[in-house]
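> need the 3D shape of this:
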Amino acid sequence: MSESIALSHDAHPAGRGLTRWIKTTNHKDIGTLYLLFSLIMFFIGGAMAMVIRAELFEPGLQFVNPGFYNQLVTMHGLIMVFGAVMPAFVGLANWMIPLMIGAPDMALPRLNNWSFWILPFAFTLLLLTLFLPGGGPEGGWTLYVPYSLELGYSFPFLIFAIHLMGISSVLGGINIIVTILNMRAPGMTLMKMPLFVWAWLITAYLLVAVMPVLAGGVTMQLFDHFFGTHFFSVAGGGSPLLWENVFWFFGHPEVYIMILPAFGIISEIVPTFSRKPLFGRTSMIYALASIAFLSFIVWGHHMFTSGMPVSADLFFMFSTMLIAVPTGVKIFNWIATMWKGALTFEVPMLFAIAFIVLFTIGGFSGVMLALAPADFQYHNSYFVVAHLHYVLVTGAVFAIMAAVYYWLPKWTGHRYSEFWGKVHFWVSVISVNVLYFPMHFLGLAGMPRRVPDYAVQFTDLNMISSIGAFVFGSAQLIFVAIIFATIYGGKKAEARAWEGAHGLEWTVPSPAPYHTFSSPPEVMG
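Numbering: from 1, shown residues only. Model prediction:
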């Protein structure tokens, strides 16, 4: 078996053209496909966000009607969550996990290929719903009933697209679990694995556990729509609150699926540019596992205004606050790692530091939202939008950008332009705060989300937000230019890129794997 793996990898890259990319089972090729797909979806979802912010630049209806506005909001959420952030993290996992654990490839390479190629078809179906009679979904990315059940022709396309996304995620999660548990190099015990691998092992279990919950929920919606059942219909004895419970039992772990790999990335970058081992490594692993466990028991904090009993409100409030403990452990450990380290501030480190600061702001607003009595004011306001985007844009997306800058020299053999990378960072980090920080004040003042018009007193802050959005969106064109300039040229990268850049030695304290594609078959386990 080892011999066939070695031969397939020696022979495979010789293939050229489209066929190579369609048939590839190489983890690096598939990782590249995931990252490219994610980038395309990031710009499609971002273009929708630009239309939303253009509409909100001033009061009144300028560009879109309220129905299409809500379709844009819904599609923006679904595309960014399932099409941009998750595939990017899976792409990073495909690229880096085999290299980090000393495996020749992912454990199930053909399944790996299939799990990627499902995605373009899923998102083609999803985007097609905008062009069908009656338009696309209007219930937000949460697909709340009865709004989702009132769709016309687009409803089955939407449900089928979500099923395909879920299948892709579950297959990817299974592949990652099997790879990590079965294909580590000799000597690499679980507790010696890099933090990125640990973060993905935990994330993969979350994926496998919660995606079937979403699949079951949307199938119940499908039955309500076409087969006369009444799971969620009040008229037939059902309850829309059942959907809220089903969705958020999936949805809250899903939020952590989008942030746990980011924690792993930051835990790789901060030690490298601090020239110190990660502080409290074991506690970081337990903190990641604790967050994953707690994510299953806090879904009700999305439903404080839905009329739950006070005892349920209190349970979800206290359990939500409990998540702040392992999260605080991670923040403290990253800061302690940097403390008295030999720091340098290349682009990956800048994004990592921005992640720590801005994600913490998102964490603070999350603690505010966790207060059941206060949540009655914040709920469904722009304060929630600000919180979500501080966690997912300055959190997950910044971590993805940090990872791309960090590993791009390793992937391409070329160094990117540090100058343009820093231009991209500073324009992004300033504009993203201009975009999202005013939303906290809009929400506290009572501006509701998902509405295309608003009272005139909110005009100034919305104009500031929209200007920030246009600048942030434009800045990502610099990111794309840097990536493609690095792929097709640039200064040759050293074998150990970040060591060579500074003349300082830094090694990861894990045993070096001896699995390499050039090794003789008898050495390759």
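> what number of residues lie near the nearest residue to N113 once chain neighbours are set aside?
Distances taken as C-beta to C-beta, 6 or more residues apart in numbering put T25 closest to N113, at 5.4 Å, once the chain neighbours are dropped. Bear in mind the C-beta positions are built from the backbone N, C-alpha and C, glycine included. Per other C-beta atoms under 10 Å, the neighbour tally for T25 reads 19.
> in a strand, that's where T25 is, yeah?
No. T25 is assigned coil when assessed by DSSP: H, G, I helix; E, B strand; the rest coil, not a strand.
> my read is that it contacts A107, right?
No. Between T25 and A107 there is no contact under C-beta atoms under 8 Å: 11.4 Å.
> the residue nearest to N113 and F318, how far apart?
47 Å (C-beta to C-beta, to the nearest Å).
> likewise for P194?
P194 sits 34 Å away from F318, going by C-beta to C-beta.
> now do F247
Note on F247: its distance to F318, by C-beta to C-beta, is 22 Å.
> per-domain residue ranges of the chain.
Segmentation of the chain into domains, based on automatic domain parsing, reads 24-257, 259-512.
> tabulate those domains (a markdown table), appending mean pLDDT.
Formatted as a markdown table, those follow (pLDDT from 0 to 100):
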| stretch | mean pLDDT |
| --- | --- |
| domain 24-257 | 93 |
| domain 259-512 | 91 |
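> in CSV: those domains, plus distance to G17.
Putting the domains of the chain into CSV (distance: least, C-beta to C-beta, whole Å) gives the following:
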stretch, distance to G17
domain 24-257, 11
domain 259-512, 18
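> follow-up on the earlier one: which one of F247 and F318 is surrounded by more residues?
F247 (23 against 12).
> and the helices in the stretch 51-200 of the chain?
Using DSSP state H, counting those that start in this stretch, the helices of the stretch 51-200 of the chain run over 66-78, 86-101, 109-128, 154-182, 195-226.
> relative to Q457, which of those is closest?
Among those, helix 66-78 comes nearest to Q457, with 20.5 Å by C-beta to C-beta.
> chain center to that closest one: distance?
20 Å (C-alpha atoms, centre = their mean, to the nearest Å).
> can you give me the buried ones in that helix?
Within helix 66-78, the residues that count as buried by 16 or more other C-beta atoms under 10 Å are 68-78.
> now V427: which helix or strand?
helix 418-444 (DSSP states H and E).
> and the nearest residue to I285 once chain neighbours are set aside, how far is that from K410?
Distances taken as C-beta to C-beta, 6+ apart place W198 nearest to I285, at 5.3 Å, with adjacent residues excluded. Remark: distance between W198 and K410 (C-beta to C-beta) = 20 Å.
> same question for S148.
From S148 across to K410, the span is 43 Å (C-beta to C-beta).
> again, but for L206
27 Å.
> the two: which is more packed in?
L206 (20 against 15).
> that one: what's it in contact with?
Contact analysis of L206 by C-beta atoms under 8 Å, 6 or more residues apart in numbering lists 173, 253, 256-257, 260, 292, 295.
> can you give me the distance of the nearest residue to I177 once chain neighbours are set aside to I176?
Closest residue to I177 in three dimensions, ignoring its sequence neighbours and counting by C-beta to C-beta, 6+ apart: A204, at 4.8 Å. Relative to I176, A204 is positioned 4 Å away (C-beta to C-beta).
> what's the answer for L343, then?
To I176, L343 is 32 Å away according to C-beta to C-beta.
> and for A93?
Per C-beta to C-beta, A93 is found 6 Å from I176.
> contact partners of stretch 82-96?
So stretch 82-96 is in contact with 27-28, 30-35, 37-39, 41-42, 44-45, 106, 112, 119, 123, 126, 162, 165, 169, 172, 176, 196, 200, 203, 257-258, 261-262, 265, 392, 396-397, 400, 403, 407, 411, going by C-beta under 8 Å, 6+ apart.
> with stretch 376-392 instead?
With C-beta under 8 Å, 6+ apart, stretch 376-392 has contacts from 80-81, 85, 255, 258-259, 304-305, 358-359, 361-363, 365-366, 368-369, 435-437, 439-440, 442-444, 446-450.
> the residue nearest to I177 and V178 touch, don't they?
No. Between A204 and V178 there is no contact under C-beta under 8 Å: 9.3 Å.
> who has more neighbours out of the two?
A204 (27 against 15).
> what packs against the helix or strand hosting A324?
Here A324 sits within helix 310-338, counting by DSSP H and E. Applying 3 or more C-beta pairs under 8 Å, 6 or more residues apart in numbering; DSSP states H and E, we find helix 310-338 packed against helix 260-274, helix 281-294, helix 347-370, helix 372-378.
> list the buried residues in it.
Applying 16+ other C-beta under 10 Å to helix 310-338 flags 313, 315-317, 319-320, 322-324, 326-327, 329-331, 333-334, 336-338 as buried.
> and stretch 119-128, by the same measure?
Judged by neighbour count (16+ other C-beta under 10 Å), stretch 119-128 contains these buried residues: 119, 122-123, 125-127.
> ok, those vs T189, which is closest?
Nearest to T189 out of the buried residues of stretch 119-128 is L119 (C-beta to C-beta; 33.8 Å).
> so what's the gap between stretch 215-224 and the chain middle?
Counting by C-alpha atoms, centre = their mean, stretch 215-224 comes out at 25 Å from the chain centroid.
> neighbouring contacts of it?
143, 145, 148-149, 155-156, 159, 162-163, 166, 229-233, 238, 243, 246-247, 250.
> inside strands: which ones of those residues?
Of these, none are assigned to strands by DSSP state E.
> just the buried members of those?
By 16+ other C-beta under 10 Å, the contacts of stretch 215-224 give 143, 145, 148-149, 155, 159, 162-163, 166, 231-233, 238, 243, 246-247, 250 as buried.
> residues contacting I79?
Residues in contact with I79, defined by C-beta under 8 Å, 6+ apart, are 41, 44-45, 48, 123, 126.
> so what's the residue nearest to it when sequence neighbours are not counted up against?
The shortest distance from I79 to any non-neighbouring residue, by C-beta to C-beta, 6+ apart, is to G45 (3.8 Å). Taking C-beta under 8 Å, 6+ apart, we find G45 in contact with 75-76, 79-80, 83-84.
> wait, the residue nearest to I285 sits on A287?
No. Assessed by C-beta under 8 Å, W198 is found out of contact with A287, at 10.5 Å.
> could you confirm L278 falls within a strand?
No. Going by three-state DSSP, the assignment for L278 is coil, not a strand.
> all further residue positions should be reported with the first residue as 50.
All right, first residue 50 from here; so that's L327.
> which residue, other than its chain neighbours, is closest to V257?
V257 sits nearest to G222 (C-beta to C-beta, 6+ apart), 4.5 Å away.
> am I right that that neighbour is in contact with I251?
No. At 10.7 Å, G222 does not count as touching I251 under the criterion of C-beta under 8 Å.
> picking up where we left off before, deepest-packed of the helices of the stretch 100-249 of the chain, please.
helix 135-150 (a mean of 25; mean count of other C-beta atoms under 10 Å).
> from the chain's centroid, how far away is that helix?
13 Å.
> tilt between that helix and helix 158-177?
In terms of direction (axes from the mean of the first three to the mean of the last three C-alpha atoms, to 10 degrees), helix 135-150 departs from helix 158-177 by 160 degrees.
> for helix 135-150, C-alpha coordinates in CSV please.
The C-alpha coordinates for helix 135-150 follow below in CSV (Å, rounded to 0.1, in the frame of the first residue of the first chain):
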residue,chain,number,x,y,z
MET,A,135,-15.7,26.7,6.3
PRO,A,136,-14.2,25.6,2.9
ALA,A,137,-11.2,27.9,3.6
PHE,A,138,-10.5,26.1,6.9
VAL,A,139,-11.0,22.7,5.3
GLY,A,140,-8.6,23.8,2.6
LEU,A,141,-6.0,24.7,5.2
ALA,A,142,-6.6,21.4,6.9
ASN,A,143,-6.1,19.5,3.7
TRP,A,144,-2.9,21.3,3.0
MET,A,145,-1.3,21.3,6.4
ILE,A,146,-2.5,18.3,8.5
PRO,A,147,-0.7,15.6,6.5
LEU,A,148,2.4,17.7,6.5
MET,A,149,2.2,18.4,10.3
ILE,A,150,1.6,14.8,11.4
